[in-house]
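Engineer: I need the structure of the sequence given here:
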Amino acid sequence: MKIFIYIAVMALVTYLIRVIPFAAVRGKIRSQYLRSVLFYVPYSVLAAMTVPAIFYCTDDPLACAVGFAVAVLLAFLRKSLITVALAAVAGVLSTEGILALLGMFS
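Structural biologist: Numbering: from 1, shown residues only. Reported below is the predicted structural model:
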């Protein structure tokens, strides 16, 4: 029964987060500064959630850094999202494989 209370509370919190901005601001936002700040909010929130998760995806920070570097480089070169994601995964896997192979011989 407690799980349903938790789900209801989370649904209420999610609903309020989405409704309060609409209730607080009824007209069009005319401030160019505020509009420019609000334009970047989704990107900054996504980066704040994604970047820390990248560096804790495996036990080896070097493999995470290689995957991140590959993703940044390919994104800078304007490759497609699927290409960036697959290449980053391949970078992490190959780095971990190389490090495991080097550890096996030492």
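Engineer: any weak-confidence spans in the protein?
Structural biologist: 105-106 (pLDDT under 70).
Engineer: What are the structural domain limits within it?
Structural biologist: According to automatic domain parsing, the chain is divided into the following domains: 1-39, 41-106.
Engineer: just checking, which of the ones you listed sits deepest inside the structure?
Structural biologist: For the domains of the chain, the largest average neighbour count (mean count of other C-beta atoms under 10 Å) is found in domain 41-106, namely a mean of 13. Glycine gets a C-beta too; all of them are placed from N, C-alpha and C.
Engineer: what about Ile98, distance to Asp60?
Structural biologist: Between Ile98 and Asp60 the distance, using C-beta to C-beta, to the nearest Å, works out to 11 Å.
Engineer: Helix, strand or coil: sort out the spatially most central residue of the chain for me.
Structural biologist: Most central residue of the chain, judged by C-alpha distance to the mean C-alpha position with C-alpha atoms, centre = their mean, is Thr50 at 2.2 Å. Taking DSSP: H, G, I helix; E, B strand; the rest coil as the rule, one finds Thr50 in the helix state.
Engineer: which residues touch it?
Structural biologist: Under the criterion of C-beta atoms under 8 Å, 6 or more residues apart in numbering, the contact list for Thr50 is empty.
Engineer: Same check on Gln32?
Structural biologist: No residues are in contact with Gln32 under the rule C-beta under 8 Å, 6+ apart.
Engineer: now it: how far from Val92?
Structural biologist: When C-beta to C-beta is the yardstick, Gln32 and Val92 sit 41 Å from each other.
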